[in-house]
Every structure is written in C-alpha cells, then in structure tokens.
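Undergrad: Pasting a predicted model and its sequence here:
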Amino acid sequence: MEHSPILHQGNSPLLISIPHLGTHIPDEILATMTPVAQRVDDTDWHLDRLYDFASELNASVLMPTLSRYVIDLNRPPNDQNLYPGQNTTGLLPVDTFAEEPLYKAGQLPSDEEKTRRRQLYWEPYHHALQQEIERIKALHGYVLLWEAHSIRAYISRLFEGRLPDFNFGSASDQSALAGLADELAQLVTSQSSYSAVANGRFKGGYITREYGKPDQHVHAIQLELAQLSYMDETPPYAYDPERAAQLAPVIKACLTLALERLAQHYAS
C-alpha cells in the first residue's frame, strides 16, 4: 500500500512542511510494536488545523500520513545525530520521548528494514519537497520553507524545565536570511504574551539544515511550538479552539513578516 505525502499547492513563495503530522502505522510494522506505539504520543498534533490560514497566504503545504514512529522524515538518511552530545531520537525511533520502548522484545528493525522504510516512506516525502521547492523557485526566484513542528512543553529527556512557546531555528543563521529568526522571536515577544527564542534548544532539524540554502535563494525556518499553547498535552491530545484562536494570528504574523523580509531582500 502506498503512503504518498499530501501536497496542497499554492502560488506564493511559501512552502509549509509538517513532517511529524502523520499518525498511521502500517499493520505489518504495528505487529512488531508495543501497545505504547498505538498512542503515537510524539505526533505534532493538529498542526494542519492550526495552520488552516495557510490558504489565505496562498501557501503550499506538504504533509505525510505516516507516523514518525514508522520513520522520522526530519532525520538524515544516514541517521546521524543532529545534536551531538544531546539525547534525541533517530531515523527509526526505538522508544518514545518518555523513553518507553516502541518494539517488542527481539523485534527491533533490522538494517534491511531500515533501508526498506527509507526507500518506501522517507524518499517520497523528500522527493515531493524538492520538487515543490524547485517549482516555487521557478515562479518567484526564491522560497520560504517553513518547517512546522510542535512538542510537549515538558520533556525532561530533551530539555530542562518548560519549553518557550515559540522556538525558531535557522541552523544558527545558516539556513535562512541572517537575523531573520531573531527578528521573528522579537516580533512574538513584543506583540504578544508568548515567550520566544531563536536558535535555542531547537536550531532546526534535517529538513531545515539540508534544504535551507540562502545562497541558492531557499530560506528555511523551523518553528517548534510548545503544544500547551494550543492543545492538551495528555491523551487524547484534544485541540483547544480558544487557545488556538489566540495563537494562530501570531504564527500568521511571523510568516507574513518573513515573506516581507525576503521580498525586500530580493527586490533590493
């Protein structure tokens, strides 16, 4: 069965990628996993709903259907650790953020299985991403790739204390226009009650770092949101329309500012 990513094409310079939105786990993989896996706890829940204003910006939106527990689309194909010295999960996660095992005893994926999943699931998403970047670049001459993510505000494995509400990453200014991530964080803190940081714990995952090439007119920004800002962080992970209604306009303002900065940059 094919699990192709879903692409909604727009005609602006903006491409929103949501690589951890999916929740589906194929039956043959689920059969090797623990009951914990069925909860798909570490999903970036409801981001398609939170970003439903994307059509107003005429943005393209790319989304997978598969859970990150099948394969993590935001990890390098060689499974290199993007945050050396820090605890994180890999290309084929074997446990949850809470360090609960995802696989039954003796059922860990083999190297052959890792290759199979990479070819079947990882490569199609990245092919679609590359193709859409090239299409947008041909239309406008430049691209804003916005990596949309969210995570529980408290995960001791990954960071201490409470995560800021907005976590912008530009690979320390290597993946986007210099200073843009800092300007976005400043916008959030100056015009709302949300907390924000640029290039803190989350500097950008594989997609941000691999595709963000300012010298080639592709600018990638990752936004990692604290899920408490728009939903409940305990099962069943319910969307909170009131919290989301306050948050979404701030995200939209950030996207609008980023698009304006890039338009100014290429017009000068």
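TA: Looks like it came in fine.

Undergrad: Can you show me the strands along the stretch 51-200 of the chain?
TA: Assigned by DSSP state E, counting those that start in this stretch, the strands in the stretch 51-200 of the chain fall at 60-63, 143-151, 166-169, 196-198.

Undergrad: For Y266, find the nearest of those strands.
TA: Closest approach to Y266 among the strands of the stretch 51-200 of the chain (Cβ to Cβ): strand 143-151, 10.9 Å. Yep, even glycine has a C-beta here, placed from its N, CA and C like the rest.

Undergrad: Could you tell me the average pLDDT over that closest one, please?
TA: Strand 143-151 shows a mean pLDDT of 98.

Undergrad: For that strand, which helices and strands make contact with it?
TA: Packing partners of strand 143-151 (3 or more Cβ pairs under 8 Å, 6 or more residues apart in numbering; DSSP states H and E): strand 14-17, helix 47-50, helix 123-140, helix 206-211, strand 218-226, helix 241-267.

Undergrad: who wins for proximity to S4 among the ones you listed?
TA: Closest among those, once you apply Cβ to Cβ, is helix 123-140, at 5.8 Å.

Undergrad: which stretches of the stretch 1-150 of the chain have low pLDDT?
TA: Counting by pLDDT under 70, the stretch 1-150 of the chain contains low-confidence ranges at 1-2, 81-88.

Undergrad: Turn the strands of the stretch 51-200 of the chain into a markdown table, including distance to V218 and mean neighbour count.
TA: As requested, the strands of the stretch 51-200 of the chain are exported to a markdown table (distance: least, Cβ to Cβ, whole Å; neighbours: other Cβ atoms under 10 Å):
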| stretch | distance to V218 | mean neighbour count |
| --- | --- | --- |
| strand 60-63 | 13 | 23 |
| strand 143-151 | 5 | 26 |
| strand 166-169 | 15 | 27 |
| strand 196-198 | 19 | 22 |
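
Undergrad: Take these and write them to TSV, including distance to L259.
TA: Output for the strands of the stretch 51-200 of the chain, formatted as TSV (distance: least, Cβ to Cβ, whole Å):
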stretch	distance to L259
strand 60-63	13
strand 143-151	6
strand 166-169	15
strand 196-198	18
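
Undergrad: mind checking which of those is nearest T256?
TA: That would be, of the strands of the stretch 51-200 of the chain and by Cβ to Cβ, strand 143-151, which comes in at 10.7 Å.

Undergrad: Just the C-alphas of the closest one, formatted as CSV.
TA: In CSV, the C-alpha atoms belonging to strand 143-151 read as follows (Å, rounded to 0.1, in the frame of the first residue of the first chain):
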residue,chain,number,x,y,z
VAL,A,143,11.5,30.2,-1.5
LEU,A,144,10.5,30.4,2.2
LEU,A,145,10.4,26.8,3.5
TRP,A,146,8.6,26.9,6.9
GLU,A,147,9.1,23.7,9.0
ALA,A,148,6.0,23.5,11.2
HIS,A,149,6.5,21.5,14.4
SER,A,150,5.2,21.2,17.9
ILE,A,151,6.1,19.3,21.0
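
Undergrad: what are the pairing partners of it, and which direction each?
TA: Here strand 143-151 is paired, per DSSP bridges, with strand 14-17 (parallel), strand 218-226 (parallel).

Undergrad: I'd like those strands as TSV, with distance to A31 and mean neighbour count appended.
TA: Shown next, in TSV, are the strands paired with strand 143-151 (distance: least, Cβ to Cβ, whole Å; neighbours: other Cβ under 10 Å):
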stretch	distance to A31	mean neighbour count
strand 14-17	30	26
strand 218-226	32	25
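
Undergrad: Looking at those, which is nearest to S175?
TA: With Cβ to Cβ as the yardstick, what comes closest out of the strands paired with strand 143-151 is strand 218-226 (4.4 Å).

Undergrad: mind checking how far the closest one is from the chain centre?
TA: 7 Å (Cα atoms, centre = their mean, to the nearest Å).
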